[in-house]
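> only geometry, no sequence info:
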């Protein structure tokens with residue numbers, strides 16, 4: 001349910017109200033549609049923090065002010081190192097957006113403007129101060145909204161994709177409605193709203209099944225995992241074709257208590273680490289969005305360790321190297337607990353079969369990683385393999401000389417060399433946890449195949465019972 005704000009002003013000495021600790025996001029800003037550039041998830045998070053500061057300072061001000069360290073942390077923001085944060089303010093000041101409510105017909109008007117009207121970074125002593133303002137046509141609604149959704153910046157901070165962040169904001173608008181249903185909109189309406197990118201015929205999400213698989217389902221899963229809401233996608237079809245989407249929303253727990261707490265700045269530590277690794281900011285954002293902060297931080301640590309090894313060649317293209325090891329899928333997942341696990345294999349022979357299956361999967365991952373590399377990088381890896389790992393004589397060398405790595409006896413040796421180079425030591429030695437997980441997945445897959453082959457096996461007809 002959208003809240004209705006009271007225009008009554010309170011004195012600074014009075015007790016803080018609930019909305020001091022929750023962001024009041026006007027309904028017209030929940031489904032902003034970018035008209036020029038893409039809005040990144042980090043820029044949107046920083047914008048939310050700035051909006052809460054501005055709401056506290058009051059609609060009467062022309063300019064709003066906060067220490068930069070109160071808006072974002074994680075990067076050394078001295079006078080010579082502000083380019084990272086400047087890029088986000090450029091997005092806010094230059095990206096034209098349409099402001100609209102997710103409910104058709106709700107809200108007093110339609111508006112178009114940039115997210116902010118201006119931003120200044122001012123050095124005062126050893127501290128940087130941010131000053132900013134809003135366009136006149138949206139300022140009143142932004143800072144003293146009459147219809148708004150309440151949301152926690154702490155919850156928003158846990159969402160690391162644009163789609164999950166926007167979906168959570170929109171669903172907060174309907175979480176307290178009696179029916180718990182969002183507005184119903186054409187699925188194409190949701191496309192630029194959830195991706196934060198201007199709609200284009202060249203978009204990868206022109207087909208609903210791709211948009212649903214890569215954007216909607218992942219956003220729903222993320223919101224359900226880390227927020228106080230539980231949401232469910234509802235598809236409305238015409239025949240077999242999906243036409244409209246809406247979401248069913250409910251709160252898992254009561255809303256956050258009213259204990260006083262400071263506004264939490266956006267943590268740019270991971271973005272800073274990627275940039276310091278030699279990767280441009282726009283590419284750093286894409287890596288962060290695709291793999292998440294935990295996976296990227298762990299992968300950067302591995303790459304930094306590689307840099308420190310004097311007996312290995314330096315990493316010439318950090319972005320390609322980091323992407324390659326992230327694609328292995330070994331980073332970001334929660335580490336298994338050390339508690340003993342029940343094994344799903346009983347004999348040494350069964351264990352050996354699982355190890356063979358595990359290695360086959362690893363070789364497949366390495367092969368896919370290699371095939372996605374540019375041809376120049378592929379050639380460089382093959383040359384390194386010939387210099388560093390190819391036997392000086394014997395059948396493998398002869399096969400390599402005649403067929404290269406396409407040879408059936410050369411290919412596994414090459415892939416093992418590649419795995420040793422890009423993955424951590426011990427990657428080819430599965431733990432009992434990994435073998436148990438693999439055995440369970442294989443059994444589940446076999447059961448699915450059996451159910452597909454014999455769909456009626458074991459079923460009882462509960463039709464009409466004749467006496």
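Right, received. Where do you want to start? Note that the coordinates shown come from a computational prediction; the quantities given were computed from them, not determined experimentally.
> how about the strands in the stretch 151-300 of the chain?
With DSSP state E, counting those that start in this stretch as the criterion, the stretch 151-300 of the chain has strands at 185-186, 229-238, 241-251, 266-267.
> lowest average pLDDT across the ones you listed?
Sorting these by mean pLDDT places strand 266-267 lowest, at a mean of 81.
> what helices or strands is that strand leaning on?
Judged by 3 or more Cβ pairs under 8 Å, 6 or more residues apart in numbering; DSSP states H and E, the packing partners of strand 266-267 are helix 41-57, strand 72-73. From N, CA and C alone the C-beta is placed, and that goes for glycine too.
> can I get the ones you listed in a markdown table including distance to residue 251?
Putting those into a markdown table (distance: least, Cβ to Cβ, whole Å) gives the following:
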| stretch | distance to residue 251 |
| --- | --- |
| helix 41-57 | 20 |
| strand 72-73 | 29 |
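> please name whichever of these is nearest to residue 87.
Taking Cβ to Cβ, helix 41-57 is the member of these nearest to residue 87, at 8.4 Å.
> need the helix or strand of the protein with the lowest average pLDDT.
Across the helices and strands of the chain, mean pLDDT, DSSP states H and E gives its lowest value to strand 33-34, namely a mean of 61.
> which residues does residue 66 bridge with?
Taking DSSP bridges as the rule, residue 66 bridges to residue 130.
> need the helices and strands packed on strand 266-267 in TSV (columns: mean pLDDT, mean neighbour count and distance to residue 119).
Output for those, formatted as TSV (pLDDT from 0 to 100; neighbours: other Cβ atoms under 10 Å; distance: least, Cβ to Cβ, whole Å):
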stretch	mean pLDDT	mean neighbour count	distance to residue 119
helix 41-57	87	21	9
strand 72-73	86	20	13
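> and of those, who's closest to residue 191?
helix 41-57 (16.3 Å).
> now stretch 194-207: buried residues?
The neighbour-count check on stretch 194-207 (16 or more other Cβ atoms under 10 Å) flags 194, 195, 196, 197, 198, 199, 205 as buried.
> and which of those is nearest residue 132?
Of the buried residues of stretch 194-207, the one sitting nearest to residue 132 (Cβ to Cβ) turns out to be residue 196, at 20.2 Å.
> phi, psi for the closest one please.
Per-residue torsions, residue 196: phi 70, psi 20 (degrees, to the nearest 10).
> surely it meets residue 45?
No. The pair formed by residue 196 and residue 45 falls short of the contact definition of Cβ atoms under 8 Å, at 11.6 Å.
> residues shared between the contacts of those two?
Where contact means Cβ atoms under 8 Å, 6 or more residues apart in numbering, no residue is in contact with each of residue 196 and residue 45.
> leaving aside the residues next to it on the chain, what's closest to residue 163?
Excluding the flanking residues, the one nearest residue 163 by Cβ to Cβ, 6 or more residues apart in numbering is residue 219, at 3.7 Å.
> in contact with the one you found, which residues?
Listed by Cβ under 8 Å, 6+ apart, the contact partners of residue 219 are 161, 163, 164, 166, 167, 194.
> from those, which one has the minimum pLDDT?
When the contacts of residue 219 are compared by pLDDT, residue 161 scores lowest at 82.
> dihedrals phi and psi, that one?
Dihedral angles of residue 161 (phi, psi; degrees, to the nearest 10) stand at phi -130, psi 150.
> what pLDDT does the model give the nearest residue to it once chain neighbours are set aside?
Spatially, and ignoring its direct neighbours in sequence, residue 161 is nearest to residue 289 (5.7 Å; Cβ to Cβ, 6+ apart). pLDDT, residue 289: 73.
> next one: residue 143
pLDDT, residue 143: 83.
> pretty sure it sits against residue 53.
No. Between residue 143 and residue 53 there is no contact under Cβ under 8 Å: 10.4 Å.
> how about low-confidence regions in the stretch 151-300 of the chain?
Within the stretch 151-300 of the chain, the segments meeting pLDDT under 70 span 202-203, 253-263.
> residue 406 is nearest to which of the helices and strands packed on strand 266-267?
Smallest distance to residue 406 across the helices and strands packed on strand 266-267 (Cβ to Cβ): 41.8 Å, for helix 41-57.
> longest helix anywhere in the protein?
For the chain, the helix that runs over the most residues, judged by DSSP state H, is helix 348-372.
> count of neighbours near the closest residue to residue 381 other than its chain neighbours?
Excluding its sequence neighbours, the residue lying closest to residue 381 (Cβ to Cβ, 6+ apart) is residue 418, at 6.4 Å. Residue 418 sits with 22 neighbouring residues when counted by other Cβ atoms under 10 Å.
> distance of residue 418 from residue 70?
As judged by Cβ to Cβ, to the nearest Å, residue 418 and residue 70 stand 46 Å apart.
> for residue 352, same thing?
Residue 352 is 58 Å from residue 70, by Cβ to Cβ.
> neighbour count for these two, which is higher?
Between residue 352 and residue 70, counted using other Cβ under 10 Å, the more crowded position is residue 70 (17 against 11).
> point out where the stretch 301-450 of the chain drops to low pLDDT.
Residues of the stretch 301-450 of the chain meeting the criterion pLDDT under 70: 311-312, 332-347, 424-425, 432-434, 436-438, 440-450.
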